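In: Got a sequence here, can you model it:
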Amino acid sequence: MVAPYHSYRDELSVYDGLVFRGERLLTPKSMRQTMKQQLHSSHIRVNACLRRVGECLFWPGMTSGIKQCISQCEACITYGAKQQRETLMSHEIAERPWEKIGADLFTIDGKDYLVMVDYFSNFWEIDHLPDTKASTIIRQMKRHFARQGIPDIVISDNGPQFSSDKFKAFTSAWGFDHCPGSPGHQQSNGKAEATVKEAKRLLKKAKETGGDLYLALLAHRNTPTVSMDSSPEQRLIGRRCQTQLPTTRQLLKPQTVRPKFVKRETKAKQLKQAKYYDRGARDLMPLEVGDV
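Out: Now for the predicted structure:
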């Protein structure tokens, strides 16, 4: 019974009747299947699941067990993310959370949604809309701004909601800049476009499995980002949030994420994305007056 734990014996400790390896709870066999199901509630990819569980849980053979569980997920097989072209037009990297926001609308199953994504933390919000009027978009944005603060800039497409006089009055009254993208160049709002794809996958998988969308969002927001050692939630509000996975009090304490580190890793990703995109893209000659 204790043989699988022999090589970890010097790392194990007991607190309040529970066994830990560092800050990671040693999960008994009777709970492992439940933990795997809760871990994969947001249907994130294998590596993301492993980054998330690696902070708070441990058991021998955990990695292979999680990989097997996810490989058998019918929703992920049906709606798995296809290899996609990354964005070429890289914006100036944000200096702080909620400084720069991308916004976009999309429709799925006859329902309209608004997504808003923070360029610094990669944290995103999703709102089901009763309609797509400018006044409705503004009302939803005000709700988020009241919670997180007014950003310096909002980047969107040039749709009628965002180019309306009402939205222009909103930007002026609340004191932020609005940067509408070019209709012919979606990559200018690539962050929001990528978030829309992510949101659609989450909605489809939640519907397919009958899962709770909000628990899936909670799990997604608290999954550490590759190469950053922090989650979108941590980069936005400076702490982990309690999820369905057992987490120690120490891990839930507020912890500042260094902006310089986030900027460095974001820049590295931008360079990698641009290199990938350039394989199948080229710059066009600038238009002169009279060309169109």
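In: quick check: domain ranges of this structure?
Out: 9-79, 100-277 (the TED database).
In: Dump these into a markdown table; add mean neighbour count, mean pLDDT and distance to residue 94 as well.
Out: For every residue, glycine as well, the C-beta is placed using N, CA and C. Listed next are the domains of the chain as a markdown table, based on neighbours: other C-beta atoms under 10 Å; pLDDT from 0 to 100; distance: least, C-beta to C-beta, whole Å:
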| stretch | mean neighbour count | mean pLDDT | distance to residue 94 |
| --- | --- | --- | --- |
| domain 9-79 | 16 | 89 | 22 |
| domain 100-277 | 17 | 91 | 4 |
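In: can you map out the strands along the stretch 1-150 of the chain?
Out: For the stretch 1-150 of the chain, the strands defined by DSSP state E, counting those that start in this stretch occupy 12-15, 18-21, 24-26, 57-58, 100-108, 111-118, 124-129.
In: Tell me the spacing between the nearest residue to residue 125 once chain neighbours are set aside and residue 154.
Out: Distances taken as C-beta to C-beta, 6 or more residues apart in numbering place residue 116 nearest to residue 125, at 4.8 Å, with adjacent residues excluded. As judged by C-beta to C-beta, to the nearest Å, residue 116 and residue 154 stand 8 Å apart.
In: Overlap of the contact sets of the two?
Out: 101, 102, 103, 141 (C-beta atoms under 8 Å, 6 or more residues apart in numbering).
In: Identify the residue nearest the second one in space, chain neighbours excluded?
Out: Once its chain neighbours are removed from consideration, residue 102 has its nearest residue in residue 192; the separation is 3.6 Å (C-beta to C-beta, 6+ apart).
In: Touching, the one you found and residue 162? I think so.
Out: No - using C-beta atoms under 8 Å, residue 192 is not in contact with residue 162, being 11.2 Å away.
In: quick one: residue 50 and residue 208, what's the gap?
Out: 23 Å.
In: Tell me the span between the first and last residue of stretch 117-126.
Out: End-to-end distance of stretch 117-126 (C-alpha to C-alpha, to the nearest Å): 9 Å.
In: Output stretch 206-219 as CSV - backbone C-alpha positions only.
Out: Output in CSV follows, covering the C-alpha atoms of stretch 206-219 (Å, rounded to 0.1, in the frame of the first residue of the first chain):
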residue,chain,number,x,y,z
ALA,A,206,-20.9,22.7,-21.9
LYS,A,207,-24.0,22.1,-24.0
GLU,A,208,-22.7,18.7,-25.2
THR,A,209,-21.9,17.4,-21.7
GLY,A,210,-24.7,19.2,-19.8
GLY,A,211,-22.0,20.9,-17.7
ASP,A,212,-22.1,24.1,-15.8
LEU,A,213,-20.7,26.9,-18.0
TYR,A,214,-19.8,29.1,-15.0
LEU,A,215,-17.8,26.3,-13.3
ALA,A,216,-16.0,25.8,-16.6
LEU,A,217,-15.2,29.5,-16.8
LEU,A,218,-13.9,29.4,-13.2
ALA,A,219,-11.6,26.5,-14.0
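In: ok, and what's touching it?
Out: 39, 41-44, 52, 74-75, 78-79, 109, 126, 202-203, 205, 241, 243-244.
In: With respect to residue 198, which of the shared contacts of residue 116 and residue 154 is nearest?
Out: Nearest to residue 198 among those, counting by C-beta to C-beta, is residue 102 at 12.2 Å.
In: Having no further points to raise, I will conclude here.
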